[in-house]
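Asker: Below: sequence and its predicted model.
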Amino acid sequence: MKLGLRALKPTVFNGLTLPWIKRLSLRLSSLPLSLAKEVSVSKAKKQLPVRGKVIEPSDCSDTAVLLHFHGGAYEMGVSGLHVKFVSHMAKAINTKAYLPDYRVAPRHPYPAAIDDCFASYEALVNRYGAENLLLSGDSAGGGLAVSVLARAKLMGLPMPKKLVLFSPWLDLTGQGDSFKTHKRRDPILSRQWLDSAVKHYTGVGLLGRPDPEHLASISPLNEVLDGFPPTLIQVGTEEILFSDASRFAQKLAASSVKTRLEVWSGLWHGWHYINFLPSAQGALEHVSTFMGYQED
């Protein structure tokens, strides 16, 4: 199946210099980010089987709901950064969003995060119907979205209407070319951080060494993808995870999954969060079109 590839050249830094971004790379939450206007945020009490947030634009459509799995290298719980990002996505597609606060490493290693995310997916499928469910994930959350859908297929659960992956982390072995070629180009992620996160996620500890075969077996990149829903992937050219996105798009297309890979020029990991950038706003406009079942 032909892969829909779009190379995009938006306004990238919007006046921000790379050294300025590097100084804030460890604390994206320090940026002047805002919650979307006319959006309410509340605790998910009975709607999800785990703790989480319900993010709801005023007068939003009741024809679909969004389930988003947040990033954070499997080590970070839901933060204000994630809530603000999802608020803008919910506003863009005009639908209620659920943001589960799944368990994270090192206290809760693999497969705790997948278990919590799958339970959330199952609960919303039962509540709203898979045909009304939109699924998304960013970074490690993108990998969780893929793992959840792979498990859903094995368990006989239906697929969601659409899937969107923002800069997904999919290969825990770090074998993609960009792990070498982009290690000095991405101001946010480093190979060292990802390697330590993998050790926490797999439960071996910082002094341990994960088994390569085990890492490959639990990497979302290696899941069987037949029957996956139409998928949009967005990634920046400067991301250390660029190869994860591009290789996964190729695998989806080879599995006859309708796939669109959007490559955004000059952008680094986490750019979707910076909601005052025109490129981040433009990316969500594309997501809105894709999630709204409009074809172009």
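Answerer: Good, I have the coordinates. Numbering: from 1, shown residues only.

Asker: which SS state does residue 40 fall under?
Answerer: Classification of residue 40 using DSSP: H, G, I helix; E, B strand; the rest coil returns strand.

Asker: Was I right to think it contacts residue 56?
Answerer: Yes - at 5.2 Å, residue 40 counts as touching residue 56 under the criterion of C-beta atoms under 8 Å. Every residue, glycine included, has its C-beta placed from N, CA and C.

Asker: quick one, which of the two is more surrounded?
Answerer: Shown here are residue 40 and residue 56; by other C-beta atoms under 10 Å, residue 56 has more neighbours (20 against 13).

Asker: ranges for the helices of the stretch 101-250 of the chain?
Answerer: Taking DSSP state H, counting those that start in this stretch, the helices of the stretch 101-250 of the chain run over residues 112-128, 140-155, 178-181, 191-202, 212-218, 242-254.

Asker: ok, residues contacting the longest one?
Answerer: Applying C-beta atoms under 8 Å, 6 or more residues apart in numbering, the contact partners of helix 112-128 are 47-50, 52, 64-65, 67, 69, 74, 98, 100, 102-105, 133, 135, 144-145, 147-149, 151-152, 155, 157-158, 160, 201.

Asker: Could you tell me which of the residues you listed count as buried?
Answerer: For the contacts of helix 112-128, a burial check counting by 16 or more other C-beta atoms under 10 Å picks out 47-48, 52, 64-65, 67, 69, 74, 98, 100, 102-105, 133, 135, 144-145, 147-149, 151-152, 157, 160, 201.

Asker: Tell me which stretches of the protein form strands.
Answerer: Under the criterion DSSP state E, the chain carries strands at the ranges 4-8, 39-43, 52-57, 61-69, 95-100, 133-138, 162-166, 231-236, 259-264.

Asker: ok, back up a step: so which of the helices of the stretch 101-250 of the chain is nearest residue 265?
Answerer: Checking the helices of the stretch 101-250 of the chain against residue 265 by C-beta to C-beta gives helix 242-254 as the closest, at 11.7 Å.

Asker: List the buried residues of that closest one.
Answerer: Going by neighbour count (16+ other C-beta under 10 Å), the buried part of helix 242-254 is 242-249, 251-253.

Asker: and if you look at stretch 180-198?
Answerer: For stretch 180-198, a neighbour-count test (16+ other C-beta under 10 Å) marks 182, 185-189, 194, 196-198 as buried.

Asker: cool, stretch 79-86 as well?
Answerer: Quick answer for stretch 79-86 (16+ other C-beta under 10 Å): 81-86.

Asker: pLDDT wise, what is residue 18 at?
Answerer: We have a pLDDT of 39 for residue 18.

Asker: so which of the helices of the stretch 101-250 of the chain gets nearest residue 232?
Answerer: Set against residue 232 and scored by C-beta to C-beta, the helices of the stretch 101-250 of the chain come closest in helix 242-254, at 9.7 Å.

Asker: what's that closest one packed up against?
Answerer: Helices and strands touching helix 242-254, by 3 or more C-beta pairs under 8 Å, 6 or more residues apart in numbering; DSSP states H and E, are helix 178-181, strand 231-236, strand 259-264.

Asker: Widest-spaced pair of the buried residues of helix 242-254?
Answerer: Across the buried residues of helix 242-254, no pair lies farther apart than 242 and 253, at 17.0 Å, counting by C-beta to C-beta.

Asker: Can you tell me which helix or strand of this structure has the lowest average pLDDT?
Answerer: Here the helix or strand of the chain ranked lowest by mean pLDDT, DSSP states H and E is helix 18-23, holding a mean of 40.

Asker: Show the contacting residues for the nearest residue in space to residue 240 that is not next to it in sequence.
Answerer: Once flanking residues are discounted, residue 240 sits nearest to residue 186: 4.3 Å by C-beta to C-beta, 6 or more residues apart in numbering. By C-beta under 8 Å, 6+ apart, the residues touching residue 186 are 238-240, 268-269.

Asker: Residue 109 touches residue 200, doesn't it?
Answerer: Yes - under the criterion of C-beta under 8 Å, residue 109 makes contact with residue 200 at 6.9 Å.

Asker: Show me which of the two is the more surrounded one.
Answerer: More neighbours surround residue 200 than the other of residue 109 and residue 200, with 21 against 18 (other C-beta under 10 Å).
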